[in-house]
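J.: turn this into a model:
(one chain, ligands or ions: 1)
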Amino acid sequence: MRKITLVPHQVKYAKEMSLLTSTSEVKDALGLQEEHTTVEGTIGFIEFILEQEKAGKQYSRCIFNENEKLIGVITLKDIDSDKRSCHIGTWIGHPYWGLGYNPLAKARILYTAFTELGLGYVFAGAKVDNIRSQKAQEKLPYITLFVEDDFPEEHKKLEAQVNAPCILHVIEKEKFLTWYRETANLGGRISMEDIRKMIRESKTLVGPFPSFHVNELPDYPHELFLEWFKAAVDKGVHEPHAMTLSTTDPNGSPDARVLIMKDVDQHGWYFASSSQSEKGKQISGNPNVALTFYWSLIGRQVRIRGTIVEMDKDINAKDFLKRGTIARAITLLGKQSSILHDQRELEEALTNEIEKIKQDLPIIYPDWTLYRVNPLEVEFWQADEDRKHTRVKYTFVNGTWKKDLLWP
Ligand SMILES: Cc1cc2nc3c(=O)[nH]c(=O)nc-3n(C[C@H](O)[C@H](O)[C@H](O)COP(=O)(O)O)c2cc1C
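T.: The predicted structure follows:
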């Protein structure tokens, strides 16, 4: 199976690269002189590429195949961050021509162009007499051909650079990504490979993060939580009040889901749901629960363990009436987490409930419950980019809060 990996340039690849570019097929196609293809000339080329990359003008990668052999180079050049565009250029060593490496490498680097580099257009040009290159480009399912009239400036620039008449094609972000996603859905090997790469290369705990002074800790955990919550809001954390509630079922198996925190005070953390939902039933079987907040933008996690207390009926009713019409209507159906056989059933049932609510009848769902988690342990975790994370745990012992630092 053909496979490629794109690897940043290094001077140590110069010898292999020089061997590949010295063949007349590659040298002529690229219009290179003899001196460009020597090892020294290739080192010069690599150093130029690295400089250009530093300046944000190019993104160039060596193509390695499934046998970890260097087989060519693919480059996004003339990156224009204002126009969000660039040009693409690829060469593959002659022994590897016609084996399908070129489209694999193109798909990989174009994905990077449109996602990581934020570009919108990637131009692909070729000299009019370079029929081989044109044929390869025409086969790409996501390319728009012959756009010279739509992008006259780009066309002119290209012809001036290579000093010859050229054709111009373009790859547009949406068209490419649609093709890419469809290929991934079909289990296409290019995209699955790329998705795995994305998983491996996804970054975690990228700062800068706020500082956390452990010698200025408040006496109560809810006070520190409120400080951290405010910091999350100030920094623009999305949905800072979303948290994971973990419960256990009658067999002791854990379950978890995201909920919205409704309030926090000296008694604990509040959320609302139906007591007849799965979580509601699990809570009535075992009131020991955990809450987890994670605010990635500021590298902070808060973990709360405690026991559940239910609020009085009138407080529950008030909370229910504060909810939006559709949220109330859905709850009134009383079916959360039971199997829905057809989406139309939901629409029909909802219309009915919404009608009743619109008549301003103060209908209360009797099982709607505002729950409070009375905390027994609260841990504050502050990420550090060097992985020397700071952890502070508050534990409720004999009526007071004890504070400890924890090893990261
Ligand atoms: C951001 C977010 C907020 C949510 N807020 C609530 C909520 O406040 N109350 C609720 O019952 N479900 C909420 N849900 C839905 C729950 O995650 C869950 O699907 C639902 O409560 C059923 O869970 P259960 O089957 O364990 O009872 C929310 C989901 C998300 C993603």
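J.: pLDDT below threshold where in the protein?
T.: Within the chain, the segments meeting pLDDT under 70 span 184-191, 193, 360.
J.: how is it carved up into domains?
T.: For the chain, automatic domain parsing gives the domain ranges 5-201, 214-406.
J.: mind checking which of the ones you listed is nearest G207?
T.: Smallest distance to G207 across the domains of the chain (CB to CB): 4.3 Å, for domain 214-406. No exception for glycine: its C-beta is placed from N, CA and C like everyone else's.
J.: the closest one close to the ligand?
T.: Yes - looking at domain 214-406 against the ligand by CB under 6 Å from any ligand atom, the contacts come from 239, 242, 255, 257-260, 271-273, 277-279, 336-337.
J.: how long is that domain end to end?
T.: By CA to CA, to the nearest Å, the extent of domain 214-406 from end to end equals 11 Å.
J.: what does stretch 31-43 give?
T.: 18 Å.
J.: same check on stretch 57-71?
T.: First-to-last residue span, stretch 57-71, CA to CA: 23 Å.
J.: touching that stretch from outside, list them.
T.: Applying CB atoms under 8 Å, 6 or more residues apart in numbering, the contact partners of stretch 57-71 are 1-10, 13, 16-17, 20, 49, 52-53, 72-79, 86, 90, 92-93, 95-96, 101, 105, 109, 112-113, 117.
J.: repeat the analysis, applying 6 Å as the threshold.
T.: 3-7, 9, 13, 16, 49, 52, 72-77, 79, 92-93, 96, 101, 105 (CB atoms under 6 Å, 6 or more residues apart in numbering).
J.: rewinding a little: mind putting the domains of the chain in JSON lines, mean neighbour count included?
T.: As requested, the domains of the chain are exported to JSON lines (neighbours: other CB atoms under 10 Å):
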{"stretch": "domain 5-201", "mean neighbour count": "16"}
{"stretch": "domain 214-406", "mean neighbour count": "15"}
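J.: what's near enough to touch the residue in the stretch 101-250 of the chain that the ligand sits nearest to?
T.: Nearest residue of the stretch 101-250 of the chain to the ligand, counting by CB to the nearest ligand atom: A242, 4.3 Å away. By CB under 6 Å, 6+ apart, the residues touching A242 are V258.
J.: state the distance from it to L259.
T.: To L259, A242 is 7 Å away according to CB to CB, to the nearest Å.
J.: how about W179: what's its closest non-neighbour residue?
T.: Leaving out its chain neighbours, the residue that sits closest to W179 by CB to CB, 6 or more residues apart in numbering is Y142, at 4.2 Å.
J.: and the one you found, what does it touch?
T.: Y142 neighbours (CB under 6 Å, 6+ apart): 171, 175-176, 179.
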